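Asker: Sharing a sequence plus its predicted fold:
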Amino acid sequence: MRFLILLGLAVSTVYTARAQFPAEQLRPYDYKIEKNITVPHGAVVSAHPLASRAGAQILQQGGNAIDAAIATQLALAVVYPGAGNLGGGGFMVAHLSNGKQLALDYRETAPARASRDMYLDSAGNPITTLSLDGHLAAGVPGTVAGIFAAMKYAKLPFATLIDPAILLAEKGFPITASEAANLNASKADFQRLNTAPTAFVKDQPWKEGDTLVQPDLAHTLKLIRKKGAAGFYEGETAANIVAEMKRGHGIMTLADLKNYKVRERKALSFNYKGYTIVTMPLPSSGGICLQQMMGMIENYPVAQWGFHSPRAVQLMVEVERRAYADRAQFLGDPDFVKVPVAQLTSKKYLTSRMADFVPGKAGNSETTKAGVLPESEETTHLSIIDDKGNAVAVTTTLNGHYGSRTIVGKAGFLLNNEMDDFSVKPGVPNMYGLVGTEANAIAPGKRMLSSMTPTIVLQQQQPLYALGTPGGSTIITSVFQMLMNTLEFGLSPADAINKPKFHHQWLPDEVAVEKDFPEEVITALQQMGYAIKKRGPIGRSEMIKRNPGNHVLDAAADKRGDDSAAGY
Ligand code: DON
C-alpha cells in the first residue's frame, strides 16, 4: 500500500509539472481496462476506460470532481454510445468539500404534445413498441442542461472539459469487443429507425479495434463548446432534432427544447446506523426505496447472519418486495403528483410494513401490496472522488441500449426511449417489468419515474463511498446490496460490486438471481417457498471508497462490462 502511495505521489509530481496538458494526452489508441486501483489523490470509475481517463486527466489538471464528472459524461457520450449520451438525461448527486450537497435532476420530460394514452390503441391496449422504438419514444433530453447546471460548481473552463469528447468524436477511437457486438446486434434497428445515414452502421460487421469516427457528433459538441446549452437547445442542433422528428413522425418541438429546465433538488439524506446516506430524491424512486429498505432492515442483526446467508438474503428480498409495491402505487414526478414521502419513509410506517414478515417463509405479492397510509437495459454510472474530498455520483441514461435507436440526422447523437419509464397504462409492465398507476401516468412536461440511484455515503460528514449502477429496476436493489455488502458485511468495494446479486421487485413475485449466485442459498430460498429465476448480469456498478484517516482511494469497476478505473 505504502509503495502504491509513493508511486502515486511520484506520478502526480510528473503531472503537476506538466500542468495543463492538451486533450491529445488521452492517447485514444492506447487504453486498457483497469478493474481496481488504489490511488492517493483522485479517482474516476466509469463504463469506459477512455472516459475514466478523460475525467482523471481533468483532476490532474486541477479540476475538481464536478469538472471531472462533466468531462467523463461528455466522453461517455462518444465512447459509450449505448448509454453515455447527449440525447438522454440523468441525475448528479454530490457532496462538496464545503459541506454543500447537490441533487441535479436533468431527467427527460414528456413533450408538450404527449398525452396520457398516447401508447394505447383504439381498444385501449398498450403498443409498447411505440414507447421503446424510434422518434415517439423520446423524452425531451436533459443531459446538456444538466452539464451546464453543474458548471456552477466547476473550476476549469468548459472548453477544457469538452475537448476530450470532441477529440474522440472527431479523430475516432478503437472500439471494444463488446461495443462491436452491441453495434452489430443493433444494426437492423439502426436501419429501421433512422431517416439519415449514421456512423453506427457500416457494411461489414464491426469488430474489436475498429475505429469509430463520429463527425456529426463532433460538430454538435463544437456547437455546444461555442454556444453553451443554446448550442443544443436552440439554433442548428434544435433545428436538426425537430427536422428528425418531422421525418420520423415524432412530437418534440422547438418550444419543448427551449423550455427544458434542470431542477436543483434537495438531496435525500438519511441516517443508517451512524452513516449518512446522500442520494437522489423524486423523480427517482431510488432514494425513497433505498431509505425504505434500509429503514425496514435496520432492526435486524444482518451482519451477524452473514453475507449471502439465506436468512439475510430472505430479509433483503422481503424489504425489496415492500418498497417496490409502494413504488408502483405512490411514486411519480413530485412537480405533478402529491407523493406522501414523509409517511412512506417514517420509522413507524416502515416498522408496520414488516408486521407480516415471517422469517424462513416466502412472502407473497398477492397479500403484501402497497402500504396503507394514514391519509389519502441503457444507463451508465460514474463515481468520482477528488483530493479535496468532493464526491460525485452520476447516473445517466438513454433508457434501453442505444435508447430509441434513432440518431438525430446531421447531429450524430442518439435519442432516448425514456417515455417507456412512464406507466403507459395502470398495471401494464414497462420494459423492466415495473408497473405503475396514475402517479406515473404521462402528462405534458412531466418527468417519468426513474430508478437511478447515484449515492454517496458519509461518515462524520466526510465522504466514505461514492457508488451507483445502471440496470433499470435492479438499480435500487443493487445499490441496496452494495451498501449492505460494505456497511454490514464488511466486503471490499470490488467484492461488494462483483459478488453475485439478487433482486425482487414485488411483481413479478420471484427472486431473480445472477447465474453464479450460490446454489445452496437458492435451495434454501426455494425451501422457504420462493420462486427463483436465473438471469443475466445485474448492473454495472462503480464504487470508490475513501479510506478514513489517510484518504487513500480504492476505486472498483464492475467486472460485468468494459468498466474501468483511472486515477492518480
Ligand atoms: O431511469 C430509469 O430508471 C431507467 N431508464 C434506467 C435504465 C437502465 O438502467 C438501463 N440499464 N441497463
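Answerer: That came in fine, so what should we check first?
Asker: Now do the same contact list for the residue positioned nearest the centre of the chain.
Answerer: The residue lying closest to the centre of the chain (C-alpha atoms, centre = their mean) is T395, at 2.8 Å. Neighbouring residues of T395 by C-beta atoms under 8 Å, 6 or more residues apart in numbering: 90-91, 280, 379-381, 452-454, 468-470, 475. C-betas here are computed from N, CA, C, even on glycine.
Asker: now for those residues, which pair is the farthest apart?
Answerer: Farthest apart among the contacts of T395 by C-beta to C-beta are M280 and T380. That separation is 15.2 Å.
Asker: which bits of this structure sit near the ligand?
Answerer: Contact residues (C-beta under 6 Å from any ligand atom) of the chain with the ligand: 377-379, 397, 399, 418, 421, 450-452, 470-472, 475.
Asker: mind listing which of these are in helices?
Answerer: Among the residues of the chain next to the ligand, the residues falling in helices (DSSP state H) are I475.
Asker: which among the residues of the chain next to the ligand gets closest to S269?
Answerer: Using C-beta to C-beta, these come closest to S269 at M452, 17.0 Å.
Asker: Please, which helix or strand holds the closest residue to the closest one other than its chain neighbours?
Answerer: In this structure, M452 finds its nearest non-sequential neighbour in T395, 3.9 Å apart by C-beta to C-beta, 6 or more residues apart in numbering. For T395, the element it lies in under DSSP states H and E is strand 391-397.
Asker: Would you mind putting the CA coordinates of that strand into PDB?
Answerer: Below are the C-alpha coordinates for strand 391-397, written out as PDB (Å, rounded to 0.1, in the frame of the first residue of the first chain):
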ATOM      1  CA  ALA A 391     -17.500  13.200  -4.100                       C
ATOM      2  CA  VAL A 392     -19.800  12.900  -7.100                       C
ATOM      3  CA  ALA A 393     -22.100  10.100  -8.300                       C
ATOM      4  CA  VAL A 394     -23.800  10.500 -11.700                       C
ATOM      5  CA  THR A 395     -26.200   8.000 -13.300                       C
ATOM      6  CA  THR A 396     -27.200   8.900 -16.800                       C
ATOM      7  CA  THR A 397     -29.300   7.200 -19.400                       C
END
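Asker: quick revisit: for the residue nearest to M452, give me the pLDDT.
Answerer: Looking at T395, its pLDDT stands at 98.
Asker: Which strands and helices lie in contact with the helix or strand containing I58?
Answerer: When secondary structure is defined by DSSP H and E, I58 falls within helix 49-60. Packed against helix 49-60 by the contact rule (3 or more C-beta pairs under 8 Å, 6 or more residues apart in numbering; DSSP states H and E) you find helix 2-18, strand 43-46, helix 65-79, helix 158-171, strand 379-385, strand 564-567.
Asker: Tell me which of those sits most buried.
Answerer: Neighbour counts (mean count of other C-beta atoms under 10 Å) averaged over each of these peak at strand 43-46, with a mean of 35.
Asker: For that one, which strands pair with it and how are they oriented?
Answerer: strand 379-385 (antiparallel), strand 564-567 (antiparallel) (DSSP bridges).
Asker: next one: the longest helix along the chain to chain centre, how far?
Answerer: Criterion DSSP H: the longest helix present in the chain is helix 310-330. Helix 310-330 sits 21 Å away from the centroid of its parent chain (C-alpha atoms, centre = their mean, to the nearest Å).
Asker: just stretch 219-232 next, same as before
Answerer: The answer for stretch 219-232 is 24 Å, by C-alpha atoms, centre = their mean.
Asker: so for that stretch, what's the average pLDDT?
Answerer: Mean per-residue pLDDT for stretch 219-232: 98.
Asker: Against the ligand, how distant is V242?
Answerer: The spacing between V242 and the ligand, counted by C-beta to the nearest ligand atom, to the nearest Å, is 24 Å.
Asker: Does that residue touch K258 like I think?
Answerer: No. If you go by C-beta atoms under 8 Å, V242 and K258 don't touch, sitting 10.8 Å apart.
Asker: more crowded one of the two?
Answerer: Neighbours per residue (other C-beta atoms under 10 Å) separate V242 from K258, with V242 holding more: 18 against 12.
Asker: For the more buried one, which non-adjacent residue is spatially closest?
Answerer: Closest residue in space to V242, ignoring its immediate chain neighbours: L254 at 5.5 Å, by C-beta to C-beta, 6+ apart.
Asker: So what touches the helix or strand harbouring I522?
Answerer: I522 is located in helix 519-528, with elements delineated by DSSP H and E. Residues outside helix 519-528 that contact it (C-beta under 8 Å, 6+ apart) are H308, S309, P310, V313, Q314, V317, G360, K361, A362, V511, V513, I532.
Asker: Doesn't the first one lie inside a helix?
Answerer: No. The assignment for H308 (DSSP: H, G, I helix; E, B strand; the rest coil) gives coil, which keeps it out of a helix.
Asker: list the contacts for it?
Answerer: K499, P518, V521.
Asker: so what's the second one up against?
Answerer: This means P518. By C-beta under 8 Å, 6+ apart, P518 lies in contact with H308, P500.
Asker: Same question for V337.
Answerer: E438, A439.
Asker: Check what pLDDT it gets.
Answerer: pLDDT recorded at V337 is 96.
Asker: What of A77?
Answerer: pLDDT, A77: 98.
Asker: Nearest residue to it in space, ignoring adjacent ones along the chain?
Answerer: G84 (4.6 Å).
Asker: how many other residues sit next to P340?
Answerer: P340: 17 neighbours (other C-beta under 10 Å).
Asker: wait, doesn't it sit right on L373?
Answerer: Yes. Here P340 lies in contact with L373, judged by C-beta under 8 Å, at a distance of 5.4 Å.
Asker: what residues are shared contacts of these two?
Answerer: By C-beta under 8 Å, 6+ apart, the residues touching both P340 and L373 are F330.
Asker: So F158 sits against K227, correct?
Answerer: No. In this structure, F158 is not within contact of K227 by C-beta under 8 Å, at 10.7 Å.
Asker: ok, now which ones touch E108?
Answerer: G88, G89, A138, G139, V140, P141, G142, N416, E418, R447, M448.
Asker: So the closest residue in space to it that isn't next to it in sequence versus T195, what's the distance?
Answerer: Nearest non-adjacent residue to E108, counting by C-beta to C-beta, 6+ apart: G139, 2.9 Å away. Note on G139: its distance to T195, by C-beta to C-beta, to the nearest Å, is 19 Å.
Asker: Between the two, which is the more surrounded one?
Answerer: G139 (32 against 17).
Asker: what are the phi and psi angles of the more buried one?
Answerer: phi -90, psi 170 (degrees, to the nearest 10).
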